[in-house]
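In: Sequence first, predicted model second:
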Amino acid sequence: MNWQGPAVATDTACSSSLVAIHQACQALRDDEVDMAIAGGVFVQCTQRLFRQANQAGMLSNTGRCSVFDDQADGFVPGESVAAIVLKRLSQAQADGDTVYGVIRGSGINYDGATNGITAPSGPAQTRLVREVYERFGIDCAAIQLVEAHGTGTVLGDPIEFNALSDAYGTTLPRAKCAIGSIKSNLGHAATAAGVVGMIKVLLAMEHRQIPASLHFHQGNRHIDFAHSPFYVPTQAVAWEVPSGGERMSAVSSFGFSGTNAHVVVAQAPRRIEPVSKRPFFLIVLSARTSDQLRQLAEQLVHQISSNPVDMGAMSYTLLMGRRHHDVRLACVAADIAQLCEQMSQWLDGQQPRDVISGHADSYDLQEQPAGRQLLDACQNVSSPQALKDALSSVASLYVQGAELSWERIFDRASRRRIRLPTYPFARERYWPQPSTPQTAAVTRVSQTLPAASNEASATVRQAVRKIFRRVLALKDEQLGDDVDIACYGIDSIIRMGLVKALNEHFGLSLANAVLDDHPSVKRLSLFIETTERPVDILKSTSPVPEGDVTNVEPANDRVYLAGSSALKVEIESVWKLLFVRPQD
């Protein structure tokens, strides 16, 4: 993405991700950024949290998070990786983005002096809610759903409930506003809890349903439900609003750090969708493998056959809102029915006239003047057949790997993103498997190299390819000969290990900077053969290991990445730490 704005890691314990959302809103309000991504990650790979929380008596003995219930006996750890994209509303609408909700106000504060980290401050939470509503001119009576922090503890739940009741005061009728917590569904996602709660209310508004808060049977005896504005929904109900009204919700979060966060979000404004009226449209799909391309095509046909969408918006989303991989398909169709028919024929092994598929080869195509002329022709055609012919030529260029300014083929009505199937990632297991280290004997074999050409010999390219795969831990179909290695997310240590492995195999003295100028298998192979021209090529007496990424190699098989005995100890320690049994 090449983002270059502020990148901030926020740690306020369990309120971290909601605090991050507030910070993103502030940056947008201050015109510091035009777009922000805020979220949280909480994944537990060891038993440490469970043991410490259990020793502190914080975990539920029943394994259920019974928020606001009289039988609440502790929280249940959960795991989440979640994020939301934030823009100013006017910009999102101008960009044709799907808007799920509008943040009306947000704020954070700190507890001050309390009895300890396990004792949240009710007065601080009340003060924060009132400040947010006053600062942004929000009427408490407009809130119909509150997503509480709600950890399911005997004392913590009443503190939060009473703090919210005090904040809302008498502005709401008794038992008028629903209150619940997604922790009853997913457990406590700690640093990611706030953004998970935010996603819950956004989906609730989209589906116009107030979700049930699970495991609630009898109210906590320390909560005065009878005189509060809240009720706990025990089943999903329709979220009705008066004519001309809007759905509005609030999300609260607090953490052991003493930092509280509160965000108010309203439903997205109604949007009149323009309809694309062109006679033909270009639909493209791409994946890393042929199997995944088929899965993507199947998913698309399944979705649009039962839920038709605007063809222009679909074309725009797939061309402008997706990463383009090497295995590609392009189709020119007039409507949903024709598209489904052609895609179904392709999936059945036929070759429909208007469907092209193949493997991208991007050399020099992005500079091809004919491509730009074709894009212009799509906007200035004299007949439907001329448009179809132009789009068919553009489809061919796309499948070959052209990188052109695709937005030039779209009219104003098509320039919006819609929800379509996302990438069908290959499902693979990554459990560490102990294996016996295999040290290949290396001998120097004299070999006469072929004359320099525009292509490296199969021997050199195959060796370079296997080294890339082994060091980057990729399967054969995951490594493209023309793909820049930066696309695989490598860091400086892996780059050093890659160059070292190449030097050892070919008997060279390549500098690390060689990967800057020759960053792909194909370009590096050609450089080694035509520039370095080694007299001898190192070959192992056994084939270079293929390196199955589903079987993690022992640490000492990869220690060449840094060549440091200290690092070897660290790698071995981490490897042992991460070893778990699949059945667990």
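Out: Right, received. Where do you want to start? Bear in mind the structure is a predicted one, so any value in this text is a computation, not a measurement. Numbers count the residues shown, from 1 in each chain.

In: how close does residue 136 get to residue 104?
Out: Relative to residue 104, residue 136 is positioned 6 Å away (CB to CB, to the nearest Å). To be clear about C-beta, it is placed using only N, CA and C from the backbone, and glycine gets the same treatment.

In: my bad, should have said residue 404
Out: 41 Å.

In: which residues sit against the helix or strand residue 90 falls within?
Out: Assigned by DSSP states H and E, residue 90 belongs to helix 89-94. The contact list for helix 89-94, computed with CB atoms under 8 Å, 6 or more residues apart in numbering, reads 34, 35, 99, 102, 269, 271.

In: For stretch 394-412, give the distance from the opening residue to the closing one.
Out: With CA to CA, to the nearest Å as the measure, stretch 394-412 spans 19 Å from end to end.

In: Identify the residues contacting that stretch?
Out: Counting by CB under 8 Å, 6+ apart, residues outside stretch 394-412 touching it are 274, 276, 278, 282, 284, 312, 315-316, 319-320, 324, 326, 328-332, 356-358, 360-363, 365-366, 368, 371-372, 374-376, 378-379, 391, 415.

In: Please state the offset of that stretch from the chain centre?
Out: 25 Å (CA atoms, centre = their mean, to the nearest Å).

In: what mean pLDDT does that stretch have?
Out: In this model, stretch 394-412 has an average pLDDT of 88.

In: One more: stretch 90-97?
Out: 90.

In: Give me the nearest residue to residue 21, chain neighbours excluded.
Out: residue 38 (4.5 Å; CB to CB, 6 or more residues apart in numbering).

In: Now do the helices for the stretch 51-200 of the chain: every range, in order, please.
Out: 89-94, 122-135, 156-168, 183-186, 193-207 (DSSP state H, counting those that start in this stretch).

In: As CSV, those with distance to residue 463 and mean neighbour count would be great.
Out: Shown next, in CSV, are those (distance: least, CB to CB, whole Å; neighbours: other CB atoms under 10 Å):
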stretch, distance to residue 463, mean neighbour count
helix 89-94, 50, 13
helix 122-135, 62, 19
helix 156-168, 61, 22
helix 183-186, 48, 21
helix 193-207, 46, 23
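
In: What's the local residue count around residue 333?
Out: 23 (other CB atoms under 10 Å).

In: Show me what it is bridged to.
Out: residue 281 (DSSP bridges).

In: ends of stretch 176-186, how far apart?
Out: Stretch 176-186: ends 26 Å apart by CA to CA.

In: Show me the contact partners of that stretch.
Out: Contacts for stretch 176-186 (CB under 8 Å, 6+ apart): 64-68, 75-76, 78, 80, 143-152, 161, 164, 168, 189, 193, 196-197, 200, 210-216, 229-233.

In: circling back: mutual contacts of residue 136 and residue 104, please.
Out: residue 264.

In: out of the two, which sits in the busier spot?
Out: residue 104 (19 against 13).

In: List the contacts of residue 280.
Out: Residue 280 neighbours (CB under 8 Å, 6+ apart): 332, 333, 334, 384, 387, 388, 391.

In: And the pLDDT for it?
Out: For residue 280, pLDDT reads 95.

In: so where is the stretch 51-200 of the chain shaky, pLDDT-wise?
Out: Applying pLDDT under 70 to the stretch 51-200 of the chain flags the ranges 117-118.

In: one more time with 50
Out: For the stretch 51-200 of the chain, no stretch is flagged by pLDDT under 50.

In: ditto for the stretch 401-550 of the chain
Out: Across the stretch 401-550 of the chain (using pLDDT under 50), the flagged ranges come out as 438-452, 534-543, 545-550.

In: Helices along that one, start to end?
Out: 458-472, 492-506, 514-517, 521-527.

In: from what I can see the residue nearest to residue 21 touches residue 20, true?
Out: Yes: at 4.3 Å, residue 38 counts as touching residue 20 under the criterion of CB atoms under 8 Å.

In: overlap in contacts of these two?
Out: With CB under 8 Å, 6+ apart as the test, residue 38 and residue 20 both reach residue 195.

In: Can you show me the helices along the stretch 251-400 of the chain?
Out: 290-306, 311-320, 336-347, 369-379, 384-400.

In: ok, residues contacting stretch 131-139?
Out: Against stretch 131-139 from outside (CB under 8 Å, 6+ apart): 104, 105, 106, 107, 109, 140, 167, 171, 262, 264.

In: and that stretch, how far apart are its ends?
Out: 12 Å.

In: Determine how far it lies from the middle of the whole chain.
Out: With CA atoms, centre = their mean, you get 33 Å for stretch 131-139.

In: Break down the stretch 1-150 of the chain into its strands, ranges please.
Out: Assigned by DSSP state E, counting those that start in this stretch, the strands in the stretch 1-150 of the chain fall at 35-42, 80-87, 101-110, 145-147.

In: swap that for the stretch 401-550 of the chain, please
Out: Using DSSP E, counting those that start in this stretch, strands in the stretch 401-550 of the chain cover 442-446, 536-540.

In: which ones are touching the residue nearest to residue 10 when sequence neighbours are not counted?
Out: In space, and not counting its chain neighbours, residue 10 is closest to residue 20: 4.7 Å by CB to CB, 6+ apart. Shown in contact with residue 20 (CB under 8 Å, 6+ apart): 8, 10, 38, 39, 40, 194, 195.

In: ok, the fourth one to residue 321 distance?
Out: As judged by CB to CB, residue 39 and residue 321 stand 19 Å apart.

In: Looking at these two, which is more packed in?
Out: Set residue 39 next to residue 321 and count neighbours by other CB under 10 Å: residue 39 wins out with 22 against 13.

In: what's the domain layout of this structure?
Out: 13-272+565-579, 281-409, 465-530 (the TED database).

In: For residue 431, find the nearest of those.
Out: domain 13-272+565-579 (8.6 Å; CB to CB).

In: Who wins on neighbours among the contacts of helix 89-94?
Out: residue 35 (17 neighbours).

In: And that one, how far from residue 19?
Out: For residue 35, the distance to residue 19 - CB to CB - is 19 Å.

In: list the contacts for the closest residue to residue 104 other than its chain neighbours?
Out: Leaving aside its chain neighbours, residue 104 sits nearest to residue 264 (4.6 Å; criterion: CB to CB, 6+ apart). Taking CB under 8 Å, 6+ apart, we find residue 264 in contact with 103-106, 132-133, 136, 138, 143, 248-251.

In: Can you name the residues bridging to residue 264?
Out: Beta-bridge partners, per DSSP bridges, of residue 264: residue 105, residue 250.

In: How much space separates it from residue 140?
Out: Residue 264 is 10 Å from residue 140, by CB to CB.

In: Quick one: residues contacting residue 336.
Out: Going by CB under 8 Å, 6+ apart, residue 336 touches 304, 305, 308, 309, 311.
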